[in-house]
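Colleague: just to be clear, the model below is a prediction. Sequence and coordinates:
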Amino acid sequence: MKSDDIEKNSGSLSLHSVSQPEIDDDSTKEINVNAEDSKKPQSRYKKWATSIKNMEDCGIGPVPLEERQPLTPSTSLHMLLMWFSMTLATNNIIVGSMGTLVLGLRFKDAALCAVFGNLVGAATVGYMSTWGPISGNRTLIVARYFMGYYPSMVCTTLNLLTNVGYSMVNSVVGGQILSKVCGGQISVLVGIVIVAGASLVMALFGMRIFQVYERFAWLPQLMVLCVMLGSAGPHFDFNIQAEATPSRLMAKRITFFSLCLSIALAWAPLAADYYVYYPPHVKRWRTFTVTMLGAWQAMIVTLLLGIGLGTVVASSPQYASKYGTTPGGLLMTAYDSLGGFGKFCAVINVLAVVANNAPGAYSMGMNFQMLGPCWQKIPRPVYTTLSTVIYTGCAMGGRNALYEVFKSFLPLIGYWVIIWFTIVVEEDLLFRRKRGYDWSAWDQRQKLPLGIAAGISFLIGWVGAIVGMSQSYCTGPIAQLSSGADLGLWLGAGFTAVTFPALRALEMWWIGR
């Protein structure tokens, strides 16, 4: 099939249809051959996996065209609902509460930071998700075309740590809720194990199962959030605000804005993973739009609810003494007057935690296999199980300091992701848009960028993040000059955006790829 034919059949591919090796017949064969090669070390696993209905048996190679799902009139709706369900997460309520309960912002200030900060982050998720149907590759395999084979492995490792951290937080939140619901008869430790185990079961089966699950999981979650709002909403204090100088108040606003941006940014390195089974002629603008809207709407609902709950605890010593200031206790304040029904709603919140946790556990299994050929010899379920054991252990150890973990951990995610995302956008717009992509070369180092420019720019971006960060463990000189505002995201992106184009142009001139 020639690129002209593709352009006639799909407007979404016109961006990359010029000399696009991946969409002609020969390259399709190459994709299939490479995909099969990546599965050879797992032949025993494949035989076992195919014997189990709906178990995903593929490796990290591109998904062949004949295995993609056909488009239907409801495809866009399914995409939107999947993201709405995955990001309608209980842990976002906890992050929202930090704006009012930890940083001491007024409801209005925190809400504006959440709405616009999260919108920017959701746009990055929408952009990265478009690479899944186009390439058939997972997000951090696509990253090899922008950063090179070896530098992209650094990002893969960072993404593993990111997902371990997020899964740890999810498990602690779920475990605390279960413990509160049972009046302490189930310990937080047991609750953590229950949440992690349920997430593991879903992640082992792969994309096909939780794509279907996520299409429906949002409904009970949303109903419970409506109950929470109806119960706690009358107690929201819209005027409470901690005393602060104007400069310090602005610093807190910037910090919370960056925190809400980081929540969405954490999904960007995973976004394309969930679309590799869609055909390449899905319109790119549609993929971007439904992904951004689904993720943004869900995260805003939960963030705003968390901001309101934070004002309840901050303004009421009675609630603070009864439930404490732990994340699980914060959620139970919303069900204070509902008795047994409130406890039932809290259990539904735990199911929301599982819905949010499973995609990350799935992607971690893929990320391990992306670390090199020898890593691909071990089947994905082994890595998924190993990841679950690791984050469960971390959750048990950090269960009593969750707010501090959130406050320190989320910005670190945002720093590396915004630096990586800046390189991706500039490489695509400035250097790759006219040359196209050979998606069959996903594991051929000699056909991928060497990555010198990306590697140096990534490190320079981290310099910017460090001098601008404002964390308990490190406050950069620029952050000190700005009354403690966390500027790490913005300086990291700025340093990278300025240095990468020149270094990449030099690399192209000197090396030629």
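Modeller: All right, it came through fine. Residues are numbered from 1 along each chain as shown.

Colleague: so how far is residue 442 from the nearest residue to residue 68 once chain neighbours are set aside?
Modeller: Spatial nearest neighbour of residue 68, chain neighbours left out: residue 279 (4.5 Å); criterion: C-beta to C-beta, 6 or more residues apart in numbering. Using the backbone N, CA and C atoms, a C-beta is placed for each residue, glycine as well. To residue 442, residue 279 is 18 Å away according to C-beta to C-beta, to the nearest Å.

Colleague: now do the contacts for the residue nearest to residue 68.
Modeller: For residue 279, the contact set (C-beta atoms under 8 Å, 6 or more residues apart in numbering) comprises 65, 68, 69, 70, 71, 133.

Colleague: measure it to residue 72 for me?
Modeller: Distance, residue 279 to residue 72, by C-beta to C-beta: 11 Å.

Colleague: again with residue 61
Modeller: From residue 61 over to residue 72 the distance is 26 Å, taken as C-beta to C-beta.

Colleague: now do residue 433
Modeller: From residue 433 across to residue 72, the span is 30 Å (C-beta to C-beta).

Colleague: I'd say residue 178 and residue 351 touch.
Modeller: No - Residue 178 is not in contact with residue 351 according to C-beta atoms under 8 Å; the separation is 11.1 Å.

Colleague: which one of the two has more residues nearby?
Modeller: With neighbours defined as other C-beta atoms under 10 Å, residue 178 and residue 351 compare such that residue 178 has more, 24 against 17.

Colleague: follow-up on the earlier one: between residue 61 and residue 72, which one's more packed in?
Modeller: Counted by other C-beta under 10 Å, residue 61 and residue 72 do not tie: residue 61 has more neighbours, with 24 against 9.

Colleague: is that one in a helix, a strand, or coil?
Modeller: coil (DSSP: H, G, I helix; E, B strand; the rest coil).

Colleague: isn't it up against residue 444?
Modeller: No - the pair residue 61 and residue 444 fails to qualify as a contact (C-beta under 8 Å) at a distance of 11.9 Å.

Colleague: any chance you could list what contacts whichever strand or helix holds residue 392?
Modeller: Here residue 392 sits within helix 380-397, counting by DSSP states H and E. For helix 380-397, the external contacting residues (C-beta under 8 Å, 6+ apart) are 45, 56, 59, 160, 163-165, 167-169, 171-172, 175, 189, 192-193, 196-197, 199-200, 203-204, 206, 361-362, 364-369.

Colleague: swap in 6 Å and give it another go.
Modeller: Residues from elsewhere that reach helix 380-397, judged by C-beta atoms under 6 Å, 6 or more residues apart in numbering: 164, 167-168, 171-172, 189, 192, 196, 200, 203-204, 361, 364-365, 368.

Colleague: only the buried subset of those residues, as a PyMOL command please.
Modeller: Here is the PyMOL command that picks out the buried ones among these, judged by 16 or more other C-beta atoms under 10 Å:
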select buried, resi 164+167+168+171+172+192+196+200+203+204+361+364+365+368
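
Colleague: now stretch 432-440: buried residues?
Modeller: 432, 436, 437, 438, 439, 440.

Colleague: got the CA coordinates for that stretch in CSV?
Modeller: The C-alpha trace of stretch 432-440 is given here as CSV (Å, rounded to 0.1, in the frame of the first residue of the first chain):
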residue,chain,number,x,y,z
ARG,A,432,11.3,14.1,12.4
ARG,A,433,8.1,15.5,11.0
LYS,A,434,9.3,15.5,7.4
ARG,A,435,11.5,12.4,7.6
GLY,A,436,8.9,10.1,8.9
TYR,A,437,9.3,7.0,11.1
ASP,A,438,10.3,3.4,10.4
TRP,A,439,8.4,1.7,13.1
SER,A,440,9.9,-1.7,12.3
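
Colleague: how far out from the middle of the chain is it?
Modeller: 25 Å (C-alpha atoms, centre = their mean, to the nearest Å).
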